[in-house]
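1. need a 3D model of the following:
(one chain, ligands or ions: 1)
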Amino acid sequence: MIRVYGSRISYYAGKLEAYLRYRGLGYELLSMVDHAREIRAGAGAVQSPVVKLPDGRWMSDSTPMLAWLDAEQSGPSIYPEDPGMRFLALLLEDHADEWLWRPAMHYRWSYRQDRDHASGVLTDELLSGSRLPRFLKRRAIARRQRHGFVQLDGVDETTRAHVEQTAMAAFDGLEAVLAERPFLLGDRPTIVDFGFVGPMFRHFAQDPTPAELMRQRAPRVYTWVARMWEAPPVATPGPGEASILGQVDAPLAALLREACETHLVQLRENARAWSRGESHFEQEIQGWRYRRLPVSRYRVWCLEELRRHWQALDEATQQELQGQLPEPGASVLFDAEPVAESGYDPERNAPFNRAINVFEDGVPR
Ligand SMILES: N[C@@H](CCC(=O)N[C@@H](CS)C(=O)NCC(=O)O)C(=O)O
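-> Presented below is the predicted three-dimensional model:
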């Protein structure tokens with residue numbers, strides 16, 4: 001049995017669980033806090049999720065974990081075979097992982113109903129061993145999360161409307177794709193579905209405020225979330241069956257545009273600030289000014305990984321993709337000089353390396 005350490009309302013644990021269910025891989029979900037010391041020693045960092053395999057090896061980080069797990073499976077891969085589509089799929093996964101995190105945390109911790117719900121769940125999951133009164137535990141959790149992941153992650157009265165706008169752009173973008181097909185690239189789930197399930201499932205479809213917005217504005221996304229959780233069986237497709245898209249269509253192009261304008265623009269400025277040794281940076285995204293964003297070393301590595309995948313493409317594919325990836329943003333994938341070096345995982349052992357948190361020791365400072 002695979003051991004998954006994490007929370008049952010966690011973004012990335014939800015992504016991993018959806019994958020394990022899809023592949024029919026049995027797992028048990030265990031508390032991170034009760035096993036924090038063991039996790040730190042085994043995996044390098046405490047975050048949700050961390051996995052202990054039946055052979056005793058530890059793995060972290062949903063992106064390399066899914067890549068490794070999928071390479072071990074028989075049957076059709078969740079990664080598109082076509083190299084160009086595969087690259088675009090990895091870009092959308094990273095966008096869903098790293099860009100939609102801010103709106104997901106904002107909706108969960110800025111709205112009272114959502115904060116009450118999530119702080120209650122996390123108190124019972126994480127702090128059941130502490131004898132403090134429950135209301136104090138809830139307050140401490142809500143304060144940590146709201147302060148660190150919302151206020152210190154650049155969400156204030158000047159950016160809040162944009163943070164919400166970008167979540168609604170994701171709802172609308174996915175809704176348009178799902179008008180065409182049951183999963184984001186075709187008839188079966190791919191890494192793009194597992195990427196978007198992170199924010200869409202455990203956050204937007206479960207937290208009261210965005211869940212209501214999703215039901216009203218993006219009902220197909222709401223049912224797709226359930227479809228992803230239902231864990232459709234993976235059958236080897238017969239000829240002409242269970243196909244996935246061979247080229248970018250209009251609704252997919254809209255998702256890619258949003259990823260370039262937001263996520264890639266932020267990845268570039270984050271990497272620049274890291275190379276200058278700064279802890280925070282200021283930048284404009286889609287015309288909105290963010291005055292103070294925390295630098296993430298982990299995201300410098302995310303950019304390195306995307307650039308590495310880009311470099312592995314042949315020239316003809318690169319040229320074709322350049323026509324599909326707009327500025328501002330796209331050129332950070334192929335600029336001759338890298339913006340920065342993370343120094344993280346130089347041996348390329350992920351998901352079996354010593355992990356780091358996305359931010360310092362867990363929360364932005
Ligand atoms: N890149 C990691 C990120 C994991 C992550 O940041 N998980 C969050 C919870 S969903 C976490 O544990 N944050 C650290 C904290 O809150 O201390 C992944 O994809 O698995």
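
2. any idea how many residues pack against whatever residue of the stretch 201-350 of the chain ends up closest to the ligand?
-> Going by C-beta to the nearest ligand atom, the ligand is nearest to residue 298 of the stretch 201-350 of the chain, at 6.4 Å. (C-beta placed from N, C-alpha, C; glycine too.) Other residues near residue 298 number 20, with proximity taken as other C-beta atoms under 10 Å.

3. got it, and the one 4 residues further on?
-> Residue 302 has 22 neighbouring residues, counting by other C-beta under 10 Å.

4. residues contacting the residue in the stretch 251-365 of the chain that the ligand sits nearest to?
-> As assessed by C-beta to the nearest ligand atom, the ligand sits closest to residue 362 within the stretch 251-365 of the chain, at 2.7 Å. Shown in contact with residue 362 (C-beta atoms under 8 Å, 6 or more residues apart in numbering): 46-47, 148.

5. likewise residue 39?
-> Taking C-beta under 8 Å, 6+ apart, we find residue 39 in contact with 5, 32, 45-46, 50, 58.

6. at 10 Å what do you get?
-> Residue 39 is in contact with 5, 30, 32-33, 45-47, 50-52, 58, 60, 355, counting by C-beta atoms under 10 Å, 6 or more residues apart in numbering.

7. that one is in what secondary structure piece?
-> With secondary structure defined by DSSP states H and E, residue 39 is part of helix 36-43.

8. partner strands of the next helix or strand after that helix and their direction?
-> Of the helices and strands lying after helix 36-43 in sequence (DSSP H and E), the nearest is strand 50-52. Note on strand 50-52: by DSSP bridges, its sheet partners are strand 2-5 (antiparallel), strand 58-60 (antiparallel).

9. need the ones you listed in TSV with distance to residue 23, can you?
-> Formatted as TSV, these follow (distance: least, C-beta to C-beta, whole Å):
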stretch	distance to residue 23
strand 2-5	10
strand 58-60	15
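
10. which residues of the chain fall in strands?
-> 2-5, 27-30, 50-52, 58-60, 280-285, 288-294 (DSSP state E).

11. which of these sits most buried?
-> Stretch with highest mean neighbour count among the strands of the chain: strand 50-52 (a mean of 25; mean count of other C-beta atoms under 10 Å).

12. identify the residues contacting the residue of the stretch 201-350 of the chain closest to the ligand.
-> So residue 298 contacts 45, 47, 61, 98, 270, 342, 344-345, 355-360 (C-beta under 10 Å, 6+ apart).

13. swap in residue 11?
-> 48-49, 62, 96-97, 100-101, 104-105, 108, 197-204.

14. near the ligand too, which of these?
-> Restricting those to those adjacent to the ligand (criterion: C-beta under 6 Å from any ligand atom) gives 48, 62, 97.

15. nearest residue to the second one in space, please, no chain neighbours.
-> So that's residue 62. Closest residue in space to residue 62, ignoring its immediate chain neighbours: residue 12 at 4.4 Å, by C-beta to C-beta, 6 or more residues apart in numbering.

16. the ligand versus the nearest residue to residue 219 once chain neighbours are set aside, what's the distance?
-> Nearest residue to residue 219, sequence neighbours excluded (C-beta to C-beta, 6+ apart): residue 175, at 7.9 Å. Going from residue 175 to the ligand by C-beta to the nearest ligand atom, to the nearest Å gives 24 Å.
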